[in-house]
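[1] Here is a sequence together with a model predicted from it:
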Amino acid sequence: MKLFIDANILVAVINKEYPLFTYASRVLSWATAKGHSLVTTSVSLAITCYFAEKKHGSRSARDRIGLLAAHFSIADCGTREVQQAATDKHVNDFEDGLQYFAAYNSGCTHIITENTKDFYFSIIDVQTASDFLKQHYKGGGQR
């Protein structure tokens, strides 16, 4: 499984935002333990860093981002993704389009986000952290 992790999940983990932190952190730890790939974009990391700086200060935020990013593959969010997001008539929010096409082009099987409605146009499975865990973490994650 290749999981694209949206910025809101990363922010919840970095800032320990409850109750989402419980589910978001479990998704990341379960996927890592099971050998699944975690994917995000530099855009998501920038968004996460912005919110982490507000809570923890610049140096601590950057340290946290560095630790978190070590567990992720960073999907391209370049010319191809920009063109796709800008020209796809199904995409209303450009940033969501960038994230989606980065996930799609890197072969992700799932998008984990708390804003599932942002990806209404997705052909990739889109789930909240809680819903993902309900589906895949059954029996202590024996899947």
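    Yes, it's here. Numbering: from 1, shown residues only.

[2] The closest residue to I14 other than its chain neighbours - how many residues pack around it?
    Excluding the flanking residues, the one nearest I14 by CB to CB, 6 or more residues apart in numbering is A52, at 4.6 Å. Quick note: C-beta positions are derived from backbone N, CA and C, even for glycine. For A52, the neighbour count with other CB atoms under 10 Å is 24.

[3] Tell me if I'm right that A52 and V11 touch.
    Yes - using CB atoms under 8 Å, A52 is in contact with V11, at 7.3 Å.

[4] and A61, what are its phi and psi?
    phi -60, psi -40 (degrees, to the nearest 10).

[5] Now do the contacts for it.
    I14, C49, A52, E53, K55 (CB atoms under 8 Å, 6 or more residues apart in numbering).

[6] tell me which of the residues you listed is nearest to Y104?
    Ranked by distance to Y104 (CB to CB), the contacts of A61 are led by C49 at 24.1 Å.

[7] Let me know the helix or strand that the closest one is in.
    Here C49 sits within helix 42-56, counting by DSSP states H and E.

[8] Mind giving me the packing neighbours of that helix?
    helix 7-14, helix 58-69, helix 94-105 (3 or more CB pairs under 8 Å, 6 or more residues apart in numbering; DSSP states H and E).

[9] buried residues in that helix?
    For helix 42-56, a neighbour-count test (16 or more other CB atoms under 10 Å) marks V43, S44, L45, I47, T48, C49, F51, A52, E53 as buried.
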